[in-house]
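In: what follows is a protein structure lacking sequence information:
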């Protein structure tokens, strides 16, 4: 007989005194296998699910099924994901109602920008609350997703690219950053490279964040989000809250705030320039992009800062055509880097055709500001 050693037994094992070793406990293994077999099952197609959230979102594909267990209102086809959980439906209605109330106070703001999936769930709710498609700007990186939305809602103003880059340079009625990012570093500190540079460019701003990858749970992230919105001048009518994501785990935070100090809107990109109307890259896509910047673009800046009248003599200038077909004197430059607040560093060329050693200290534009000045050959590559 071998005596049992001191200490806790390994998981699922027991001490066998006859052989003097830890052996698997068949009773425990049988109990664990029984627990694993207890899965949620769809009544129509008998498909098994690990938790209630996935069962709720399941779209039954059985031929004899008379109903589905999903609340998804649209048939979006295979290969597309539906995000119509009860929590998401509530958030869409909250966002639409806040935008509707803000429109009464700010009738000059009409356009709404938001991240959207291929099921068009947020678009559907906004239309139900009285907004028309020509003022709705769903945003997504996936071009096929936006094509699906254009088929479902003809005339909708889709935007492909990074929603933070698209939002800059305009004033909106509402912006919804419905992300799965945390906007934080690993140590749960705000990361300027991941988040919007400003929050006063929309009357209503809603934010979804995920605590995955940071040392903070969803409830504390919701409190941190509340402070962020309030510190930027937002009014939170109710406390941002944590909720369960699509996996049935409480790893998400949602907050919404209204802002009263929104600047008057600038003209949107017109449909005459279909390229600019449909796409804006993230800042990193502009690095090394060549630029032709009109000389008169800096006239106001030169006057305000007291530059000498011959300040531009050391810069390389070329005669290049503008969108109106006329020839203008333009500076030659290149995007040489990105700042921490997601703006671009621009390096100009001297009159001998060589780039200056340092980026320009006066002009650090956003991607939206740089877009009209990019060289024609670079635009043709992107198209």
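Out: Looks like it arrived, so ask away. Note that this is a predicted model, so its numbers are computed, not measured.
In: buried ones in stretch 192-205?
Out: Residues of stretch 192-205 classed as buried: 195-196, 199, 201-205 (neighbour count, 16 or more other CB atoms under 10 Å). Bear in mind the C-beta positions are built from the backbone N, C-alpha and C, glycine included.
In: how distant is it from the center of its chain?
Out: 11 Å (CA atoms, centre = their mean, to the nearest Å).
In: rewinding a little: any idea which of the buried residues of stretch 192-205 the model trusts least?
Out: Lowest pLDDT among the buried residues of stretch 192-205: residue 199, with 87.
In: confidence-wise, which helix or strand of the protein is lowest on average?
Out: Least confident helix or strand, the chain: helix 274-278 with a mean of 39, by mean pLDDT, DSSP states H and E.
In: and stretch 251-258, average pLDDT?
Out: In the prediction, stretch 251-258 has an average pLDDT of 95.
In: show the contacting residues for residue 20.
Out: residue 2 (CB atoms under 8 Å, 6 or more residues apart in numbering).
In: distance of it relative to residue 4?
Out: Using CB to CB, to the nearest Å, residue 20 is found at 9 Å from residue 4.
In: same deal with residue 374?
Out: 75 Å.
In: who's more crowded, these two?
Out: Counted by other CB atoms under 10 Å, residue 374 and residue 4 do not tie: residue 374 has more neighbours, with 18 against 12.
In: pairing partners for the more buried one in the sheet, please.
Out: residue 291 (DSSP bridges).
In: wait, it touches residue 291, no?
Out: Yes. Contact criterion CB atoms under 8 Å: residue 374 and residue 291 qualify, at 6.0 Å.
In: residue 155 and residue 370, how far apart?
Out: 28 Å.
In: er, residue 239 actually
Out: For residue 239, the distance to residue 370 (CB to CB) stands at 39 Å.
In: what stretches of this protein score poorly on pLDDT?
Out: For the chain, applying pLDDT under 70 flags the ranges 1, 26-40, 42-83, 264-282, 320-328, 376-383.
In: helices along that one, start to end?
Out: For the chain, the helices defined by DSSP state H occupy 26-36, 52-57, 86-105, 121-128, 143-152, 163-167, 218-231, 274-278, 299-304, 367-370, 376-382.
In: contact partners of stretch 235-246?
Out: So stretch 235-246 is contacted by 53-54, 57, 83, 85, 87, 180, 207, 210, 217-219, 221-223, 225-226, 229-230, 250-260 (CB under 8 Å, 6+ apart).
In: I'm done for today, thanks for sticking with me.
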